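Q: how would this look folded up:
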Amino acid sequence: MTLMAKICLWVGLALSLWLSFLLIGTSPWSTFSAQGQELMSMEWGVISLIDLYAGFFLGLCLIWLFEANLWVKVLITLTLPTLGNPVLAIWLVFRFRYLKIKALGS
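A: Here you go, the predicted structure:
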C-alpha cells in the first residue's frame with residue numbers, strides 16, 4: 001500500500017470515528033425530523049441527499065459484489081442508510097487488502 005493510500009485510509013477512518021462519536025455522543029435525534037424537513041425544503045439539500053444516498057447505493061453494490069459473507073451483506077445493507085459512511089469505511093478497512101488484490105490482480 002502506498003503512503004498516500006495509507007494516509008487516505010487513516011484520515012477516512014478518523015473522520016468516520018468522529019462522525020460516529022457525534023451520532024452517539026451528542027444525541028442529535030431529537031431534532032432529526034425538524035432539520036430533515038428544513039433540509040428537504042432547500043434545493044441543495046435535496047441534491048445533497050440524493051448524492052449521499054446514491055453513494056450509499058454504489059457502496060452497497062460493491063459490498064454485494066465482493067463480500068462473501070451473506071450476514072455481513074445484510075447487516076451493512078440495514079445499517080448503512082441509517083448510520084452512514086462510517087459503516088462503509090469500517091468494511092473498506094477490513095476488506096482493503098482483498099479489494100486491492102481483486103483490483104490489481106496481485
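
Q: For the rest of this, base every contact and every neighbour count on C-alpha atoms.
A: Noted.

Q: Show the pLDDT at the residue nearest to the spatial centre of the chain.
A: Centroid-nearest residue in the chain: Asn85, 1.8 Å away (criterion: CA atoms, centre = their mean). With respect to pLDDT, Asn85 scores 85.

Q: Distance check, it against Ile101.
A: For Asn85, the distance to Ile101 equals 23 Å [CA to CA, to the nearest Å].

Q: Quick check: the residue nearest to the centre of the chain vs Lys102, distance?
A: When distances are taken as CA to CA, Asn85 and Lys102 turn out to be 22 Å apart.

Q: tell me the contacts of the closest residue to the residue nearest to the centre of the chain other than its chain neighbours?
A: In space, not counting the residues next to it along the chain, Asn85 is nearest to Ser16; the distance is 6.9 Å by CA to CA, 6 or more residues apart in numbering. With contacts taken as CA atoms under 8 Å, 6 or more residues apart in numbering, Ser16 has the following neighbours: 85-86, 89.

Q: Return the member of those nearest to Leu22.
A: Sorting the contacts of Ser16 by distance to Leu22 puts Pro86 at the head of the list, at 11.5 Å, by CA to CA.
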